[in-house]
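Starting from these lines, generate the structure:
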Amino acid sequence: MVPVDFGGDTVADTADTRTPAEIEADIRRRRAVLAETLDEIGVRVHPKTIVGDAKARVASNVDHTLGRAYVGANRVVSDVKAQFVDLNGAPRLERVVPALVLVVGVVGLLALGSRRRRR
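This is a model prediction of the structure:
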C-alpha cells in the first residue's frame, strides 16, 4: 500500500495502530489548522484588505515620488544659491546686481504691457 501524507504525518492506508482518542485529537488539530488557513485566506481576499493594500502601495509610491521631487528641488535651490552666494555666505554682487536688474526690467515691461491693455 502507498503511504498518504497529511501535513507531516505519514499514515499508511492499512490498519491504523492509533487509538480512537489519538485519531480524534489528530482530527481536531487538523480542523484547527484548516480553520486558521481558511481564515487567513478569507482575510487576504476580502475586498477591504485588497483595497487597503492597494492604498498602501499607492501611498508608498507617492511618498517615494514626493521624496525624490523634494531632493531634486532642494538640489536645484542649492545650485542656484551657490551661483549667488560665496562659500562664506556673502552675496556675490557681480552676479546679484545683474540678476536684480533683469528682474526689475521684466517686471517693468509687464507693468507697461498691462497698462497699455487697459487703455
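
domains of this structure?
The record's domain split for the chain, according to automatic domain parsing, is 3-45, 91-119.

Which one, of the ones you listed, ends up nearest to D79?
D79 sits nearest to domain 91-119 of all those, at 13.0 Å, using Cβ to Cβ. For the C-beta atoms, the positions are set from N, CA and C on the backbone; glycine is no exception.

about what we covered before: check the domains of the chain for me: which has the lowest mean pLDDT.
Among the domains of the chain, domain 3-45 carries the lowest mean pLDDT, a mean of 82.

rewinding a little: export the domains of the chain to TSV and tack on distance to A69 and mean neighbour count?
As requested, the domains of the chain are exported to TSV (distance: least, Cβ to Cβ, whole Å; neighbours: other Cβ atoms under 10 Å):
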stretch	distance to A69	mean neighbour count
domain 3-45	33	10
domain 91-119	25	10
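
between those, which one is nearest to A82?
Comparing those by Cβ to Cβ, domain 91-119 comes nearest, at 9.5 Å.

What segments of the protein are strands?
3-6, 9-12 (DSSP state E).

Restrict stretch 110-117 to CA atoms and write it as PDB.
Taking C-alpha atoms only, stretch 110-117 is exported to PDB below (Å, rounded to 0.1, in the frame of the first residue of the first chain):
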ATOM      1  CA  LEU A 110       4.900  93.500 -17.700                       C
ATOM      2  CA  ALA A 111       3.600  96.600 -15.900                       C
ATOM      3  CA  LEU A 112       3.800  98.700 -19.000                       C
ATOM      4  CA  GLY A 113       2.100  95.900 -21.100                       C
ATOM      5  CA  SER A 114      -0.800  95.600 -18.700                       C
ATOM      6  CA  ARG A 115      -1.200  99.400 -18.600                       C
ATOM      7  CA  ARG A 116      -1.400  99.600 -22.400                       C
ATOM      8  CA  ARG A 117      -4.100  96.800 -22.500                       C
END
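
what sits up against stretch 46-55?
V43 (Cβ atoms under 8 Å, 6 or more residues apart in numbering).
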